[in-house]
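J.: Need coordinates for the following:
(2 chains)
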Amino acid sequence: MSGRITLEHGSGGALARELTEQVIYPYFQSQDYPELVDAGSFSLAGPALLTTDSYVVDPPFFPGGDIGRLAVFGTCNDLAVCGAVPLVLTLALVLEEGFPIADLHRVLHSVRSAADEAGVRVITGDTKVVPAGKGGGIYINTAGVGRATPGLELSPARIRAGDRVLVSAPVGSHGLAVLAARESLAIGTTLLSDCANLHPLCAGLAELGPALRCMRDATRGGVAAVLNELASTGMGMEVLEDAFPIRPLVAAAANLLGLNPLEIANEGVLVAVVAAGAEAQALRILRGHPLGREARGVGTAVADRRGKVVLETTIGGRRYLDMPRGLLLPRIC
Amino acid sequence: MSPEAARANAARADARRQAAPLLEEIRKLCDALGREVRLMEVCGTHTVSIRRAGLRSLLPANLHLISGPGCPVCVTPAGYIDAALSLLDQPGLHLATFGDMVKVPGASGRSLVGRLGSGRLRILYSPAELPELARRTEGPVVFLGVGFETTTPTVAAAFLQAARSGIRNLFLYPAFKTVPPALRALLASPACAVDAFLLPGHVSAILGLEPYRFLEGPGGTPGAVTGFEPLDLLAGILSVLRQLAAGRRQVDNAYPRVVRPDGNPKARQVMEELLEPADALWRGLGEIPASGMVLRQEYRFLDAEERFGLPPLWNAEPPGCGCARVLQGILEPERCPLFGRGCTPEAPVGPCMVSTEGSCAAAYRYGGAAP
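T.: Okay, here's the model as predicted:
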């Protein structure tokens, strides 16, 4: 099948069946998913976690990734940071009339290869079509189920004064790569999204046991949003601007656009809080994996300044690092 | 750690080592002056850099940094937005603008945001996109010409290029401003309590030092052309404090790695080929003689105001909005009754909360100095 998506592809009729059977299903057919039925089955022993997330990135293809990869890793990462082993996913597509079927193939190929990389299976799905002009080409929702790790209790409420905050990788790449692709900025060709599967890092840190307090995937709002969220449960946070890993190209581009790299979305950055005594071991675990090679300790939980994140700047100034606000609009001079 | 991360870290650690002696001398000079010292950072980019670096937490308590009228969006009169909105009533007309202009409410309270979905409002990152945009567009394209001497030459270059290549559907709605006349007007105001100016680095890279010479001499006000990195800012602050301590009144260049004494004559030439000085209305500061740039007689055919019969600009402040006083440096953003209550970056009342360079937005975004 070639050409473009039409409203008939979402009608439930013959063409819709053809799209599912010939374009979508072949990417996911397997022993566990041998025939097209309305619900996929899987077995679980013990407690499980369920999450869901929708993906509306514009443009759907960007340097370093695409909406398909994002839809798999994003949902798997939500499970992984909660201490679960991702097992199965659902895949719901909302396609805009006129979306090229060749592009749909590209996205589905990405979904499949990302799922293979993450060790998860797509076991059911759905497709809808909206009229031209009513959707951004393609939107995806994935729900994911993961097996909980017995005995692993992760919560910001477990953070204690003196605990250390770790960041697994350089920040700010994803949001800037997408912005650059959307606005056709010249930096777009060299800036890559960091879109990645964080489960190996999370599973590694789980070996720390109770010394691992909690983990977060620093997506929208960047590490600034995550730190404020962690602080909002009671502890204050003190972080060092110098300590955050930031690629020089990201720093330069963000500066040019008037953006703060700490507030820019990531898709492959893990923020973890660990007991002070476990910091060295945690960094060894993170750096032992290619995704965590540049992991750093960036700050400390403190008993005073409850609910606040204090940033010590490069030059030694101190200011509050707030929850990011407003839209990503560039400055004008 | 990767080599690039290691290099970046070394550079940062170095910045802190270099800052220490500057901060020490700033402390000593402020002690010696023994009074409240008020420095105005003229440029919006200064304001953002100061907040972002948490610089205030490092400075002595008697040294106050006040934001000036250096955010181009903020000093554009409210009526300009209403006139721009009225342009979109013309069938087939497209507006092109920088992003920050879009959220500013006009005198009517309406902003351009409501027209973003119309397909006739284009947000630009660089004026260089203008000729191509006009070529691709069927009807007239009007560019909202807002900015200081930093921005104006690139806009002028784009319009000259378009005119030379025979593009006939690109028009300019000029509200350009120039910095030195505004400083003169600020100093003339009885409400002004500024001891010295941190002069804008980027603007001065175009202008050079000559246009600021009126600051010099007896009865004058010390000034230092200042860059934007934390160390640049400390160097600028130190430069004017030394002048105050020694009783000197002159224009120092504390940003020599970028600013040449004669500025950028080529850029000025491009600007002056298309535009000429004219009296201009500033939000907050009112009418200031020769502080704007309008199209020269021979390029008036590009003028959107003439072409589309736009009314003269007018100022209007929303009830309770302190932007006019914030822009003159006589009201701190946090002391405006609307700050953080009826006025936030998500739902701004006045322009200083809209622009990323606005002093209210910078205060809101980066917060105060942490103790």
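J.: Looking at chain B, which residue is nearest chain A?
T.: Going by C-beta to the nearest C-beta, chain A is nearest to residue B:54 of chain B, at 2.7 Å. C-beta: built from backbone N, CA, C; applies to glycine.
J.: Quick check: the residue lying closest to that residue once chain neighbours are set aside vs residue B:58, distance?
T.: Leaving aside its chain neighbours, residue B:54 sits nearest to residue A:317 (2.7 Å; criterion: C-beta to C-beta, 6 or more residues apart in numbering or on different chains). Remark: distance between residue A:317 and residue B:58 (C-beta to C-beta, to the nearest Å) = 5 Å.
J.: For those two, indicate the residue with more neighbours.
T.: Just comparing residue A:317 and residue B:58: by other C-beta atoms under 10 Å in any protein chain shown the higher neighbour count belongs to residue A:317, 23 against 20.
J.: so who does that one touch?
T.: B:53-58, B:230, B:369 (C-beta atoms under 8 Å, 6 or more residues apart in numbering or on different chains).
J.: In chain B, what residue spans correspond to strands?
T.: Here chain B has its strands, by DSSP state E, at B:37-41, B:63-67, B:94-98, B:121-124, B:141-145, B:170-174, B:176-177, B:196-200, B:223-226, B:251-253, B:275-282, B:286-295.
J.: In a markdown table, list these along with distance to residue B:85, mean neighbour count and mean pLDDT.
T.: As requested, these are exported to a markdown table (distance: least, C-beta to C-beta, whole Å; neighbours: other C-beta atoms under 10 Å in any protein chain shown; pLDDT from 0 to 100):
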| stretch | distance to residue B:85 | mean neighbour count | mean pLDDT |
| --- | --- | --- | --- |
| strand B:37-41 | 32 | 23 | 96 |
| strand B:63-67 | 28 | 21 | 94 |
| strand B:94-98 | 9 | 23 | 95 |
| strand B:121-124 | 10 | 18 | 90 |
| strand B:141-145 | 11 | 26 | 97 |
| strand B:170-174 | 12 | 24 | 98 |
| strand B:176-177 | 20 | 26 | 97 |
| strand B:196-200 | 30 | 28 | 98 |
| strand B:223-226 | 36 | 28 | 98 |
| strand B:251-253 | 40 | 22 | 98 |
| strand B:275-282 | 18 | 19 | 96 |
| strand B:286-295 | 21 | 19 | 96 |
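J.: Tell me the confidence at residue B:368?
T.: Note on residue B:368: pLDDT of 65.
J.: now do residue B:371
T.: So residue B:371 comes in at 62 (pLDDT).
J.: same thing with residue A:275?
T.: Looking at residue A:275, the pLDDT reads 98.
J.: how near is it to chain B?
T.: Distance, residue A:275 to chain B, by C-beta to the nearest C-beta, to the nearest Å: 23 Å.
J.: For residue A:243, see how far away the residue nearest to that residue when sequence neighbours are not counted is.
T.: Leaving aside its sequence neighbours, residue A:275 sits nearest to residue A:211 (C-beta to C-beta, 6+ apart; 4.1 Å). According to C-beta to C-beta, residue A:211 and residue A:243 sit 20 Å apart.
J.: got it, and residue A:98?
T.: 47 Å.
J.: Residue B:342: how many residues sit nearby?
T.: Neighbour number of residue B:342 under other C-beta under 10 Å is 15.
J.: which non-adjacent residue is nearest it?
T.: Among residues not flanking residue B:342 along the chain, residue B:349 sits closest, at 5.9 Å (C-beta to C-beta, 6+ apart).
J.: quick one, what contacts the one you found?
T.: Counting by C-beta under 8 Å, 6+ apart, residue B:349 touches B:105, B:318, B:320-321, B:338, B:342-343.
J.: so which of those residues is the most crowded?
T.: That'd be residue B:343 among those, by other C-beta under 10 Å, with 26 neighbours.
J.: from what I can see that one touches residue B:336, true?
T.: Yes: using C-beta atoms under 8 Å, residue B:343 makes contact with residue B:336 at a distance of 7.4 Å.
J.: Which residues are in contact with each of those two?
T.: When contacts are counted by C-beta under 8 Å, 6+ apart, residue B:343 and residue B:336 are jointly contacted by B:321, B:360.
J.: Report the secondary structure element holding residue A:147.
T.: Under the criterion of DSSP states H and E, residue A:147 resides in strand A:138-148.
J.: if I look at residue A:277, how far off is residue A:238?
T.: 18 Å.
J.: Neighbour count: those two, which is higher?
T.: residue A:238 (20 against 12).
J.: my read: the more buried one touches residue A:312, true?
T.: Yes: Residue A:238 is within contact range of residue A:312, at 7.0 Å (criterion: C-beta under 8 Å).
J.: So which bits of whichever strand or helix holds residue A:116 are buried?
T.: Assessed by DSSP H and E, residue A:116 sits inside helix A:101-118. By neighbour count with 16 or more other C-beta atoms under 10 Å in any protein chain shown, helix A:101-118 contains the buried residues A:101, A:103-108, A:110-112, A:114-115, A:118.
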